[in-house]
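Colleague: A predicted structure for the sequence below; I have some questions about it.
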Amino acid sequence: MSNNSAPPAAPLRVRELSAETRQKIAAAVKQLWQNPEYRAKRATSLSQLRHDPEFRERQSAAAKRLWQNPEYRAKQQAASIRLWQDPEFRAKQKAALMAREISTETRGKLAAAGRRLWQDPDYRARQMAALIRGREISRENGRKMAESDQAKVEARQARLLSRNPVVTGDARGTSIVYNRYLKSGVWQCPQSPSGAHHWIINDGRMRCKHCQQERVVEQ
């Protein structure tokens, strides 16, 4: 008894294209895309496909299968990083995002999706925890900035007080002493462009470079 069944088909082998062949294909596609009629046909075809549920499902399944490949994911992530490092690409993406207008229908869908998410207790808990943490970080950063600014002010006052003859040389004076010095007017120089003395200290004495007034450096 003869067996008339066909032999099993050999597995399909995909031949890897050389770099030169890929460049030729890319150049040909680029040249085609410069044809307005070709672009219009492709745009119409793609628009029809995007509205085809079966096509979208196939595309989604294919993308998920690809993304499960670690090598593919690594290549895509590396390519994305390279793109975003390009200032021109970043500028184009920003411009496109700002130019894109969201329709009333899309805004309604986004609002509905947000409400559905907020009805999930786990989602609400995560969002509230993130909000509280953000406020704590903001307060902590504000406190650190205030302390830093205060430290800068105190350091500047200390430098000014250390050059002031009415204060002791250890420069432990506070803002009270500094304010007293400002109100006294002894720092004023009628010949100085800034209105203040510019002291030059030499051998225990101070001389203003503008009015030549002298004072003794107190220790």
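Modeller: Perfect, I can see it now. A quick note: this is a predicted structure, and the numbers were derived from the prediction, not measured.
Colleague: Lowest mean pLDDT among the helices and strands of the chain, which one is it?
Modeller: Ranked by mean pLDDT, DSSP states H and E, the helix or strand of the chain with the weakest confidence is helix 175-184, at a mean of 67.
Colleague: State the paired neighbours of whatever helix or strand comes next after that one in the sheet, together with their directions.
Modeller: As assigned by DSSP states H and E, the chain's next helix or strand after helix 175-184 is strand 199-202. Here strand 199-202 has these sheet partners by DSSP bridges: strand 205-208 (antiparallel).
Colleague: Next one, pLDDT for Arg172 please.
Modeller: With respect to pLDDT, Arg172 has a value of 46.
Colleague: what's the closest non-adjacent residue to Met206?
Modeller: Spatial nearest neighbour of Met206, excluding adjacent residues (Cβ to Cβ, 6 or more residues apart in numbering): Trp199 at 4.3 Å. (C-beta placed from N, C-alpha, C; glycine too.)
Colleague: Now for the one you found: which residues touch it?
Modeller: By Cβ atoms under 8 Å, 6 or more residues apart in numbering, the contact set of Trp199 is 163, 206-209, 215.
Colleague: any idea how far Gln213 is from it?
Modeller: For Trp199, the distance to Gln213 equals 9 Å [Cβ to Cβ, to the nearest Å].
Colleague: Could you pull out the residues contacting both of those two?
Modeller: Common contact partners of Trp199 and Gln213 (Cβ under 8 Å, 6+ apart): Arg207.
Colleague: Could you list the domains of the protein?
Modeller: Annotated domains of the chain cover 38-89, 149-216 [automatic domain parsing].
Colleague: List the contacts of the residue lying closest to Pro190 once chain neighbours are set aside.
Modeller: The shortest distance from Pro190 to any residue other than its chain neighbours is 6.8 Å, reached at Cys211 (Cβ to Cβ, 6+ apart). The neighbours of Cys211, taking Cβ under 8 Å, 6+ apart as the test, are 189-192, 197.
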